[in-house]
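1. What shape does this take:
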Amino acid sequence: MILESLNRIVWGAPALVLILGTGLFLSIRTGFVQLRLFPEAAYRFLDLFRGSGEGKGVSSLQALCTALAATVGTGNLVGVAGAIALGGPGAVFWMWICGIVGMATKYAEATLAVHCRVQEKSGYVGGPMYMIRRALGKRWHWLAGVYSFFGLVAAFGVGNATQINAVITGINGVIRYFGGSVSRTCNLAIGFVLAVFIGAMLLGGANRIGSAAEMLVPVASAGYILLCLGVLILRREAIAGAFTSILTGAFLPGR
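-> Presented below is the predicted three-dimensional model:
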């Protein structure tokens, strides 16, 4: 009950209005940078595959893959499916709008991250906590500590627990499909093995995280795209009807 109440507060209408409002404000202030600079962004994307990082830092491709590692996964699959199940096909249209508006927010976030980053012996470090300390006045520095604390708490509940649960659920589904049986001991063993590999990667610092992301994320992204294309090809006769349901559900949800 407590978690449900907090969820309604955090992800209620005010929060959604604030998130979309911020994205719309940044879009207007930047002259809709997500559309205006999209051709250049596509061109710059090709540069990621040429050259490596400077000094001891990670390369641009590794930084991109690290950022995408938290994007291509549970949010794309379970999140979208859950939104459609709760809000109907029309939810897809508003997710498109949120995605387009959110590109300006991500642009501003990345720009501030580079502007406020700090160079250490091991390379550059940054993030929202550094933005708060370097961009805001001293009286707001305490927010950096608050953000770090809640980020640590969320890493266990939102990040690790959700992702590991998704992996174990998928493995259990495959085992059951082939007639096998699953047990709590097996699930704990899978979680332990994953924890060991993830711990070894994290303890290696930014370089090892970037290297692992550079190897894994392109494969996962390619597989995700190929599977989506496969579904579209196999169900190509339903594409026109799907677009009709999306647009109708977005503006005429009662029908």
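2. Could I get the pLDDT score of the residue located most distally from the centre of the chain?
-> Taking Cα atoms, centre = their mean, the residue of the chain most remote from its mean C-alpha position is Gly179, at 33.9 Å. The model reports Gly179 with a pLDDT of 86.
3. same thing with Val125?
-> The model's pLDDT for Val125 equals 79.
4. what do you get for His141?
-> Per-residue confidence (pLDDT) for His141: 90.
5. tell me the phi and psi of it?
-> With angles defined as degrees, to the nearest 10, His141 sits at phi -60, psi -30.
6. Tell me which residues touch the closest residue to it other than its chain neighbours, please.
-> Distances taken as Cβ to Cβ, 6 or more residues apart in numbering place Arg133 nearest to His141, at 5.5 Å, with adjacent residues excluded. C-betas here are computed from N, CA, C, even on glycine. Contact partners of Arg133, counting by Cβ atoms under 8 Å, 6 or more residues apart in numbering, are Cys116, His141, Ala144.
7. Then Leu143?
-> Here Leu143 is in contact with Ile132, Leu136 (Cβ under 8 Å, 6+ apart).
8. coming back round to it: do you know how far the residue nearest to His141 is from Thr248?
-> 48 Å (Cβ to Cβ, to the nearest Å).
9. list the helices and strands the longest helix along the chain packs on?
-> Taking DSSP state H as the criterion, the chain has its longest helix at helix 205-234. If contacts are counted by 3 or more Cβ pairs under 8 Å, 6 or more residues apart in numbering; DSSP states H and E, helix 205-234 sits against helix 60-69, strand 123-125, helix 184-202.
10. next helix or strand past the strand or helix carrying the residue nearest to His141?
-> Secondary-structure element containing Arg133, defined by DSSP states H and E: helix 128-135. With elements assigned by DSSP H and E, the helix or strand that comes after helix 128-135 is helix 142-154.
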